[in-house]
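*Asks:* Give me a model of this one.
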Amino acid sequence: MFTARIAVHPTTDLPGTLLQCDFAGNRFLFGRLAEGTQRALLSRGSKLSRVRQIFLTGQTSFVDQMGGLPGLVLSAADQGLPQLAIYGDKNIAWAIATLRHAVFRDTINLTVGHAAQDIVNDYMTVVPVALGDGQTTVAAPPPSDTIALNDYIAGVIGAMFPRAKPTDTTNNNNNNNSFDEIAYAAKRFPKDQLIRAPDLARTNGPPPAISYIIQPHSVRGKFNGKKADELGIPKDSTRNAIINGKPYTLANGTVITTDMLLDPDQDIKRIIYLDIPTLTHFNQAKHKNWLAHVPSPAQHKNDGMRTNVDSFEPSNAASPPSASVVIHQLGPDVHPFSPEYIEFMNQFGPECEHIIGHPDYIPDSISHPRSAQLNTALRLVSPENFNQLYTAPAKRQIPDKYLALADQQQQQQQLRAIPLITGIEYRVKGSAVESTASEFAQHAGMADMQQELLADIMDRAPDLAERIKISQDKYYKRQLRRGISSDVSSSGSDSDSETTTTDKKAFGNVSIIAVGTGSAVPAVYRNVIGTIVQLPFYEPPNYKRTFWKNVPFMTKSILFDCGESTLGNLARMFGPEVDNKLREIKVAFISHMHGDHHFGLLSLVKARQQAFTSYRIQRLKNRANADADTAMPPDDSTLYLIGPQMAVGWLEEWEQLYPGLLDGVRFIDARFFLREQESPVYTGQFASVFSNLSQSLRIATIRTVKAVHCLDSYSVSIEFHNGFKLSYSGDTRPNQNFVDIGKNTSLLIHEATMDDPLLADAIAKRHSTVSEALGVARLMSAQNLFLTHFSQRYPVSPRFYAASAKERLSGMQNLREDRHGMFLVRHNTNNTFQQDQDEHWNRALKLTLAYDGMIIKLKDMHKQGAWTDVLRFVFKNLLTEPEEEPDEVAAAGGGPGPKPSSSRTTAGAKRKRQTDSPGFVGDQVDNRHVAAGNAL
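*Replies:* Predicted coordinates:
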C-alpha cells in the first residue's frame, strides 16, 4: 500500500505545489518546492528525515520552483538524513551550485541529476516527460565544453556536501568549536567566478517543463495453497524453498517453479503529475502517450528497456495501463475546462480523478495555520500593530457536471475533477483506491479564525475577553476619527532648515515591519529574518496635493536582510497592496551570506521589478488624465543593494535565467563603509552610487563594522540629515566597534537569538543573548530597541527571568568572557554616576520584542507590555504544536533506508511547550513586575 497526498497548494505566500508519496515510511516528493514549503511541512508535523528522492517539475526557477529547496536540504541533513537524490531539468545541478557560497553540510550524501530517462527505485518507476523545445539565445557550446561544465558543477556540489569536514579553512574569530562555512566557501570558490547555466533562456519558445508518470511496481501475487495441494507439494519447508526461487521436482518428473504457485502479479494504477505552464507545453502534452507501457524493474535492468511516451502502440499487457489520479499544474493561459482540454482529460478514462491546479480554481488560503493563529491572537489585543492576513476564495468554481461526487453518483460521470487543495489524500492498495477528495477543505478567511479564537477566550477567560473588546473598540474609534480628520499640511518650502524641522515631526512615525523574526530555519510560529524600516518623507513642494490629500508624507523603506519567504510573508500581510510596499523599498542591506538572511532576495528583487512594471503601465493608462498622472509619484525603480560581494554575484548568476534581473540594482560592497583604514574597496564607482543613494534618502553617513559572526558579516549604522539614526546588528556577538558607530542611535535593531542561560551556545554559534543586546543598547544610549532573530527553540519568544531591563543588566557582571577577543558588554555597578545614568536610560528606553507580521511605529514602542496576559493565555490554552508523524509508520513494511530518530511523546511535547513558551516572563516571576522595564 502507498499513500499520495497533496502536501502544499499554491497561495500568496507559497507559490509551489507538492505531491507527497509514501511507501513503507519512505517519502518521495514531486512538484515545485517554492519558498515556504519547509515551513508548511513542519506546520503539519511532516518529517524531512523520511524523504528519499525529490522530483522537481516544471523548469528550473528559484522564484516558484526551488526557492525552498536549499533550506529543506539543510534541515533534512540536520535531522539526520544520510542521503538524498534530487532530479530536475538540465539546470538543476547548476542551480544547486549557485548556492556554493552559502550552503555546506558534511553529513548528507546529496545526488543531483537531470531527469532525462526512467528512474527506478525499490517502490516505483518514475518516468520524466519533458515538454517544450525552444532554442537557446546563444549557440550551443561544443560537447567537450558541456562535459567539462557538468564535471565542474558536480565537483562544486561535491565540495558543498563532502562526506568529511574539510580542514583546509580558516576559522573566523579563532573559535575552534564552530566551523565557518562562509570562510570555507570563500577559500574554495573564487568570489568573482560565475558558473554558466547549461540551458539558457530561449528565443523561439519556452524552456522545457518536466512532468512525471509515477508507476508503482506491481504487487507480487500471493501464494496459492490450493494449487500447491493439487500438485502434491509437501506441506513443509519445501513450499518456502519454491517461493524463494528453488525449483522442486515431483515424482513424475514435473519441475515446479515459483511462478506456478503464485497468483498473477497485481498491477497498481499510476499517478500522473502534469506541469503545463503555457499553451505551447499543452500542445506537446496532447501528443504524448501518458498511458504508455512502463517496463518492469527487471526489464529496465536486464533488457535496458525504457518507457516510450511518443509511441501510441497498444500494450501487450493483460490489463492496459491506467491512471487513478492526474494532477494538472497549469499556467494562467491553459484553461482546464476549454473544449480542447476537456478532450485531453477524457483520454484518461472515467475512473480517473483529476486535480485541477489552475490559479483561478485554487483558494488563496492560509499556508501556515499555526502562525496565522498567533497572528490572530496578537491582532485581537493590538489591531493597530497586526494586519488581518490576506486570504481570498477561488475566483472560479469547478462546473458542477465535472465536480467529483459521492461514490454512488460517480458511475454517471465521464469526467471527475476537484480543485488542488492541501490535504487531499489517496490510499492505494492494489487496484483499490481510497480517496478523501470529496472532503476537501473549503476556504476559511481570517475573520472566521478571529471569531473562533475570541469565542474560545470568552468561554475560558471572560474577563480577558472583555479587555480585548475594549481595546478593539478604542482602535476602531481611532480609525474613524482618522478617517474624518482634516488634512495635514506640508511646509511648502525648499529650505534645508524647514525640511529638517518637518522631518523631525515624523520621527515617531518611523515604522518597523517585522516580516520574519526567527533564526536559522523557518519554524511554526516564526519565519526567518526580514525587517523593513519605513521612513516618512514629507513630499516636495512641487507635488500637487490632489492625489496625496490624506497622506502627509511619502514613504521610503530600507530592508534589513531577506530570508526565505520574505516576499510571501509580505504579500500575506498586505494582500493586493504588496506592490506598493515593494516599490517603497529603496535599500536592501544583506548582513551576511547565511541562507536565513538572503535566500529570499532573488524573489523579492524579481517581484519588485514586476511591481514597477505594473505601476508604469498604470501611469500610461492615466496619461489621458493629466492631473492623475502628475499626482502619481515618480517611478524611480533603483534598488541600492549593500552587502557582501557574494550577494550580487549570486544574483548575477541567476540573471542568466532571468534576463534583466539586475536592471536598476546598484550594488555597494559593505566593505566600502568600513573605516577608511580598514576598507579595501574605496572605489569611485561605489562613491558615485552612494552619492545618489544619499540624495534619494537624505542620508548623511553610512558606517559598517565587521560583525563577530562569520566571514564577510557586517553590522551597520545609518545617519540621516535630519538627525535620525538607525543601527542594525545583523548576526553578531556584542561588539564594541558596533557600539562606537551606533552612539546615540534613534533606533537599534539587534539580534537576541538566545536567552541568558544559553550564553555558552550564543558564544559557540556567535550570537547574542537578550541581556547582551540590552547591554549594547545601553552603551549606545539607544532611544528605541527592537529585538528580533530569536532562536526557534522558543515557540513565541525567549523566557525573561528578570522583570526589568535593569535587573537583566545587573546580572551581566558575572558572565564569563567571550573567546572571540571582542568586547563583551559589561555593567559596572560600582560607579554611582553610571548607575544613575542607567536608571534614567532604563526608564526612557522604548523596547519591543518582534513577532512575525508586526507593524509598529516608534511612538508606540512602549505599549507592548499590555499584550502579556493575552499571549500567555492564548499560547498555553489555545495554540498547539503540530503533532509529529508516528515512527511506527516509518517502520512499517521494513523498507530500506535509515529509520527516523525517535520523537518525544505527546505528553513530553506538552511539557516542553509549558516550559519554554510563556512569552514575556517566567512562571516564577511575580506578575506585578510584568510591565516593569517597559515591555520586559
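
*Asks:* Work out for me the element residue 580 sits within.
*Replies:* helix 578-584 (DSSP states H and E).

*Asks:* Touching that helix from outside, list them.
*Replies:* For helix 578-584, the external contacting residues (CB atoms under 8 Å, 6 or more residues apart in numbering) are 513, 532, 534, 555-557, 570-571, 574, 604, 607-608, 611-612, 614-615, 635, 637. From N, CA and C alone the C-beta is placed, and that goes for glycine too.

*Asks:* Provide the strand pairings for the helix or strand just after it, with the direction of each partner.
*Replies:* Moving toward the C-terminus from helix 578-584, the first helix or strand encountered (DSSP H and E) is strand 585-589. Strand pairing for strand 585-589, using DSSP bridges, gives strand 553-562 (parallel), strand 639-643 (parallel).

*Asks:* If you average pLDDT over each of those strands, which is lowest?
*Replies:* Note on those: strand 553-562 shows the lowest mean pLDDT, a mean of 91.

*Asks:* what's it in contact with?
*Replies:* Counting by CB under 8 Å, 6+ apart, residues outside strand 553-562 touching it are 490, 506, 509, 513, 529-539, 548, 566, 581, 584-591, 597-601, 604, 633, 696-697, 718, 726, 728, 730, 749.

*Asks:* change it to 7 Å
*Replies:* 506, 529-539, 584-591, 597-598, 600-601, 604, 633, 697, 728, 749 (CB atoms under 7 Å, 6 or more residues apart in numbering).

*Asks:* what bridges to the closest residue to residue 50 other than its chain neighbours?
*Replies:* Distances taken as CB to CB, 6 or more residues apart in numbering put residue 27 closest to residue 50, at 4.1 Å, once the chain neighbours are dropped. Residue 27 has these beta-bridge partners by DSSP bridges: residue 22, residue 51.

*Asks:* thinking again about what came up before, which of the contacts of helix 578-584 fall in helices?
*Replies:* 570, 571, 574, 604, 607, 608, 611, 612, 614, 615 (DSSP state H).

*Asks:* Tell me the secondary structure at residue 876.
*Replies:* helix (DSSP: H, G, I helix; E, B strand; the rest coil).

*Asks:* What is the neighbour count of it?
*Replies:* Residue neighbour count, defined by other CB atoms under 10 Å, stands at 13 for residue 876.

*Asks:* Repeat that for residue 303.
*Replies:* 10.

*Asks:* What of residue 689?
*Replies:* Residue 689: 19 neighbours (other CB under 10 Å).

*Asks:* Residue 234 now?
*Replies:* Residues near residue 234, counting by other CB under 10 Å: 9.

*Asks:* what sits against it?
*Replies:* Counting by CB under 7 Å, 6+ apart, residue 234 has no contacts.

*Asks:* helix, strand or coil for the residue lying farthest from the centre of the chain?
*Replies:* What lies farthest from the middle of the chain is residue 252; by CA atoms, centre = their mean that is 69.4 Å. Following three-state DSSP, we place residue 252 in the coil state.

*Asks:* quick one: it from residue 218, how far?
*Replies:* Remark: distance between residue 252 and residue 218 (CB to CB, to the nearest Å) = 32 Å.

*Asks:* Kindly report the same for residue 363.
*Replies:* 38 Å.

*Asks:* swap in residue 10?
*Replies:* Residue 10 sits 34 Å away from residue 218, going by CB to CB.

*Asks:* Who has more neighbours out of the two?
*Replies:* residue 10 (22 against 14).

*Asks:* ok, and what's touching stretch 247-260?
*Replies:* With CB under 7 Å, 6+ apart as the test, stretch 247-260 has contacts from 231, 232, 233, 238, 241, 242, 243, 245.

*Asks:* let's see it at 8 Å
*Replies:* Outside stretch 247-260, the residues that reach it (CB under 8 Å, 6+ apart) are 227, 231, 232, 233, 238, 241, 242, 243, 244, 245.

*Asks:* filter these to the buried ones?
*Replies:* With neighbours counted by 16 or more other CB atoms under 10 Å, the contacts of stretch 247-260 contain buried members at 233, 242.

*Asks:* In helices, which of the contacts of stretch 247-260 appear?
*Replies:* Using DSSP H, the contacts of stretch 247-260 in helices are 227, 231, 238, 241, 242, 243.

*Asks:* Tell me how far the fifth one lies from residue 414.
*Replies:* Residue 242 sits 46 Å away from residue 414 when distances are taken as CB to CB.

*Asks:* Where does residue 100 fall, secondary structure wise?
*Replies:* Here residue 100 is assigned to no helix or strand, by DSSP H and E.

*Asks:* was I right about it contacting residue 159?
*Replies:* Yes - using CB atoms under 8 Å, residue 100 and residue 159 qualify as a contacting pair, with a distance of 7.3 Å.

*Asks:* of the contacts of helix 578-584, buried ones?
*Replies:* Members of the contacts of helix 578-584 classed as buried by 16+ other CB under 10 Å are 513, 532, 534, 555-557, 570-571, 574, 604, 607-608, 611-612, 615, 637.

*Asks:* for the chain, which helix is longest?
*Replies:* helix 462-484.

*Asks:* What is it packed up against?
*Replies:* If you count contacts as 3 or more CB pairs under 8 Å, 6 or more residues apart in numbering; DSSP states H and E, helix 462-484 packs onto helix 369-381, helix 446-460, helix 868-877.

*Asks:* Please name whichever of those helices is nearest to residue 432.
*Replies:* helix 369-381 (31.4 Å; CB to CB).

*Asks:* The closest one versus helix 462-484: what angle between them?
*Replies:* 70 degrees (axes from the mean of the first three to the mean of the last three CA atoms, to 10 degrees).

*Asks:* in the next helix or strand after helix 369-381, what counts as buried?
*Replies:* Per DSSP H and E, the first helix or strand lying C-terminal to helix 369-381 is strand 416-419. Within strand 416-419, the residues scored as buried using 16+ other CB under 10 Å are 416, 417, 418, 419.

*Asks:* List of residues touching the helix or strand immediately after strand 416-419 in the chain?
*Replies:* Downstream of strand 416-419, the next assigned helix or strand under DSSP H and E is strand 425-429. For strand 425-429, the external contacting residues (CB under 8 Å, 6+ apart) are 1-6, 216, 268-269, 271, 324-325, 433-437.

*Asks:* 10 Å - rerun?
*Replies:* If you take CB atoms under 10 Å, 6 or more residues apart in numbering as the criterion, strand 425-429 is touched by 1-7, 19-22, 216, 219, 266, 268-271, 324-325, 353, 355, 433-437, 439-440.

*Asks:* Would you show me how to pick out the buried ones of those in PyMOL?
*Replies:* Selecting the buried subset of the contacts of strand 425-429 in PyMOL, with 16+ other CB under 10 Å as the burial test, is done by:
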select buried, resi 1+2+3+4+5+6+7+19+20+21+22+216+268+269+270+271+324+325+353+355+433+435+437+440
